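In: How does the following fold in three dimensions:
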Amino acid sequence: MSNPAMTQKTQSQNYGIHISEEVRAALTAGKPVVALESTIISHGMPYPQNVETALSVEQVIRDAGAVPATIAILQGKPIVGMSADEIEYLGKTGQAVIKTSRRDIPFVMAMAKDGATTVASTMIFAAKAGIAVFATGGIGGVHRDAQQTFDVSADLQELATTNVAVVCAGAKSILDIALTREYLETQGVPVVGYQTNTLPAFYTRESDFSVDYRLEHPAEIASAMQHKWQLEIDGGLVIANPIPEAYALSRTEMDSVIEKAISAMNAAGVRGKESTPFLLAKVAEITGGDSLAANIQLVKNNAKLASAIALDYAALNNTN
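Out: Here you go, the predicted model:
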């Protein structure tokens, strides 16, 4: 029985989505495909590192035997599988591109604007295209002081409903990880630690919070995905993959840096969907670029693991 997330919706007219020839051919043949977001390109890193990183992450996926599918909206058209020229355009345009989550999609399309997809919107387009595995840096979550601001990322609700496995380095450490973890538990979203018992915190390999299940091999993760969706238990999975030890930053140092960044954000009056890009940029500034270098390495590491999971998941589905 095939996973509903892998239904071969590969025609460009489906939902108005344009699927590249490379991605369409891979999906039709049942080959592994890994989705990639585009907010990290336009809002997560400066040019030209953003473009260089996006292209190198795609190459990591190809080297692992899978096909990358970077997702964005260009001139109102959702693109699944961006070309190198399109990635270059998005990177150069930067923060002028609309940061596009679930609520923004119909308006960006209707106004024929450019949109960089977040975790939530990337999951939506990946699922509609038939892609089951998505690699990103870190998921959004419950922001600090959310008791007063009610600032909760739409990523969490998307994980509760959309059938895509998200490989990440845990929740971004600028967030309230305790509340994020509680929200995921309430929504029934499994948090899987890849070779770890604790939930990583983006720049650091550990936090004070445990995962639901520790799994050692990509094939085990792929099997859990198949069982979940065969039973029609809708929703995604968080695959928490710690940043490689060589690139991890000090937890004590990062706690201090993040407090300074949050103070600067509050003083600037930044709120809502602009808060995460502001905080990431401020953290990079305070760390002298060390956090940006760590961010690049953890995304590549996640892409490598996502490819291995996609390979095993495709193999399972092709034998059924």
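In: use CA for all of it now, contacts and neighbours both
Out: Will do.
In: just the helices in the protein please.
Out: 21-28, 39-42, 49-63, 84-93, 105-110, 119-129, 146-149, 154-161, 177-186, 218-230, 251-268, 275-286, 290-318 (DSSP state H).
In: out of those helices, nearest to residue 211?
Out: helix 177-186 (8.9 Å; C-alpha to C-alpha).
In: before we move on, back to that, just name the most buried of the helices of the chain.
Out: Mean neighbours per residue, mean count of other C-alpha atoms under 10 Å, is largest over the helices of the chain for helix 39-42, with a mean of 28.
In: what's the closest non-adjacent residue to the spatially most central residue of the chain?
Out: Nearest to the mean C-alpha position of the chain, counting by C-alpha atoms, centre = their mean, stands residue 136 at 3.0 Å. Of all residues not flanking residue 136 in the chain, residue 168 sits nearest, at 5.3 Å (C-alpha to C-alpha, 6 or more residues apart in numbering).
In: Quick check: pLDDT value at the one you found.
Out: Listed pLDDT for residue 168 reads 97.
In: what do you get for residue 100?
Out: On the pLDDT scale, residue 100 gets 97.
In: State the number of residues packed around it.
Out: Number of residues near residue 100 (other C-alpha atoms under 10 Å) recorded here: 25.
In: Quickly note the distance from it to residue 160.
Out: 19 Å (C-alpha to C-alpha, to the nearest Å).
In: now the stretch 151-300 of the chain, which segments are flagged as low pLDDT?
Out: 273 (pLDDT under 70).
In: Which other helices and strands does the lengthiest strand in the chain contact?
Out: Counting residues, the longest strand found in the chain (DSSP state E) is strand 67-74. Secondary-structure packing of strand 67-74 (3 or more C-alpha pairs under 8 Å, 6 or more residues apart in numbering; DSSP states H and E): helix 21-28, strand 33-36, helix 49-63, strand 77-80, strand 115-117, helix 119-129.
In: Go again with 6 Å.
Out: strand 33-36, strand 77-80, strand 115-117 (3 or more C-alpha pairs under 6 Å, 6 or more residues apart in numbering; DSSP states H and E).
In: I'd like the helices of the chain as JSON lines, with distance to residue 76 appended.
Out: Conversion of the helices of the chain to JSON lines gives the following (distance: least, C-alpha to C-alpha, whole Å):
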{"stretch": "helix 21-28", "distance to residue 76": "19"}
{"stretch": "helix 39-42", "distance to residue 76": "16"}
{"stretch": "helix 49-63", "distance to residue 76": "21"}
{"stretch": "helix 84-93", "distance to residue 76": "14"}
{"stretch": "helix 105-110", "distance to residue 76": "4"}
{"stretch": "helix 119-129", "distance to residue 76": "14"}
{"stretch": "helix 146-149", "distance to residue 76": "31"}
{"stretch": "helix 154-161", "distance to residue 76": "21"}
{"stretch": "helix 177-186", "distance to residue 76": "32"}
{"stretch": "helix 218-230", "distance to residue 76": "31"}
{"stretch": "helix 251-268", "distance to residue 76": "31"}
{"stretch": "helix 275-286", "distance to residue 76": "23"}
{"stretch": "helix 290-318", "distance to residue 76": "27"}
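In: Relative to residue 195, which of the helices and strands packed on strand 67-74 is closest?
Out: strand 33-36 (20.7 Å).
In: Neighbouring strands - and their directions - for that closest one?
Out: Strand 33-36 pairs in its sheet with strand 67-74 (parallel), strand 133-135 (parallel), by DSSP bridges.
In: out of everything not next to it in sequence, what's closest to residue 287?
Out: Residue 287 sits nearest to residue 257 (C-alpha to C-alpha, 6+ apart), 7.5 Å away.
In: now residue 173
Out: Here the residue nearest residue 173, using C-alpha to C-alpha, 6+ apart, is residue 201, at 5.0 Å.
In: before we move on, what about residue 36?
Out: residue 70 (4.4 Å).
In: Please tell me the pLDDT value assigned to the one you found.
Out: So, for residue 70, pLDDT stands at 98.
In: Quick check, it in contact with residue 81.
Out: Yes - with contact defined as C-alpha atoms under 6 Å, residue 70 reaches residue 81; the gap is 4.9 Å.
In: Counting neighbours, go ahead and name the busier of the two.
Out: A direct count of neighbours by other C-alpha under 10 Å for residue 70 and residue 81 places residue 70 higher, at 28 against 25.
In: tell me the mean pLDDT for stretch 33-43?
Out: 96.
In: got the CA coordinates for it in CSV?
Out: The C-alpha trace of stretch 33-43 is given here as CSV (Å, rounded to 0.1, in the frame of the first residue of the first chain):
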residue,chain,number,x,y,z
VAL,A,33,13.4,13.2,-3.9
VAL,A,34,14.2,15.6,-1.1
ALA,A,35,12.4,18.9,-0.7
LEU,A,36,14.3,22.1,0.3
GLU,A,37,12.8,25.4,1.5
SER,A,38,13.7,28.8,0.1
THR,A,39,13.3,31.2,3.1
ILE,A,40,16.8,30.1,4.1
ILE,A,41,18.0,31.6,0.8
SER,A,42,16.1,34.9,0.9
HIS,A,43,15.9,35.6,4.6
